[in-house]
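Novice: For reference, the sequence and a predicted model appear below.
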Amino acid sequence: MDAVFTIFAVLLFTAVILLVEGAWLWWSGRHGSAAERIRQRLQIMSHTGPSGTERVSILKQRRYAASDQLDAWLKKSPGCGQLDKLLMQSGLTWNVARVLSGSVAAALLAMLLIQPFAPPLPAVVVAMLLFAAVPLSLVLRARRWRLKKIEEQLPEAADFIARALRAGHSFTNVLQMVGAEMPDPLAGEFRAAHEEINYGVPMNEALHNLAARVPITDLRYLVIAVLIQRESGGNLAEILANIGHIIRERLKLLAQVRVLSAEGRMSAWVLGLLPFFVIGVMSIMNPRYISVLWLDATGVRLLWASLGMILLGVLWLRRVIHIRV
């Protein structure tokens, strides 16, 4: 019995020692000075920040507001980073604080405009939300127009790069030529990529930054083709010429699809806006008749049910007429 107890005590002591040593090795491997030096070296080699997502860039850091305190607070607020990214992609000179202040001002304006009609609280909330979304809708519209313009310029840019490479120019010089000779907005993005390369950013990182700034699938294909060619070799001029031809044919097919679906898109707009137009006309011509919808409890429930069905119908129509090419 004494021998068994002794063996058990020795094994228990050994297990405790191994457990403590394992915990110490884990802690030193994760938080020790050597681990910190390795982590810093890996960050430098991979050109990423502490979060693993930030890339090396010499571009000026964007400000969210003119005030330093407000800028720091907005940068910590959720959603402001995505809003600033939308502003950057839209090409507008606005900042995040301007968009948010415009939304607040639009919401207050909606409340003042609708107050004389004495509407119920849900109607006031809906009107304020709709008016508050106007600045964001303007940003999204500008972003959509700019990305569409860049997409239309891509085939010409791909052909331009292919011709310049066949003429013997280096790819860095070709980026400078595209930024100098092609029109904006695509030229500005290529100028930014060329400036990053000139100031020491590796070409792979500069091209990754270009693809991140312009979220267009065709441009990402072009960047991927260049990166693969740099790793494995090949005729880059021919590859870019083929990419330009594919993009041009895809845009032609997309234009044909838009023409064929124009009637469906117009029907979706009419069906989506018709209920609101009818309510507005009835509020002017016979307000006593239409006011039952927000003065009676049953009318309020019917109004909310109607809004839900209208929203569902608009989303369904949008999904039907939205054809990806």
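Specialist: Yep, it's here. Numbering: from 1, shown residues only.

Novice: Show me what the strand or helix carrying residue 204 is packed up against.
Specialist: Residue 204 belongs to helix 203-213 when assigned by DSSP states H and E. Judged by 3 or more Cβ pairs under 8 Å, 6 or more residues apart in numbering; DSSP states H and E, helix 203-213 is in contact with helix 186-198, helix 217-232. Placement of C-beta: from N, CA and C, glycine included.

Novice: among the helices and strands of this protein, which has the poorest mean pLDDT?
Specialist: Every helix and strand of the chain was ranked by mean pLDDT, DSSP states H and E. The lowest is helix 33-46, at a mean of 56.

Novice: C-terminal to that helix, what's the next element?
Specialist: helix 68-76.

Novice: List the contacts of that following helix.
Specialist: For helix 68-76, contacts defined as Cβ atoms under 8 Å, 6 or more residues apart in numbering pick out 63, 64, 65, 80, 81, 96, 97, 100.

Novice: if you set the cut-off to 7 Å instead, what comes out?
Specialist: 63, 64, 65, 80, 96, 97 (Cβ atoms under 7 Å, 6 or more residues apart in numbering).

Novice: Contacts only, for the first one.
Specialist: For residue 63, the residues meeting the contact criterion (Cβ under 7 Å, 6+ apart) are 71, 95.

Novice: Give me the phi and psi for residue 78.
Specialist: When read as degrees, to the nearest 10, the backbone of residue 78 gives phi -70, psi 140.

Novice: give me the number of residues near residue 116?
Specialist: Residue 116: 7 surrounding residues under other Cβ atoms under 10 Å.

Novice: Now do it against residue 124, distance only.
Specialist: 12 Å (Cβ to Cβ, to the nearest Å).

Novice: Low-confidence regions, the chain specifically.
Specialist: 1-13, 15-16, 18-22, 24-60, 118-119, 322-325 (pLDDT under 70).

Novice: Show me it divided up by domain.
Specialist: Annotated domains of the chain cover 3-27+63-147, 169-234, 250-321 [the TED database].
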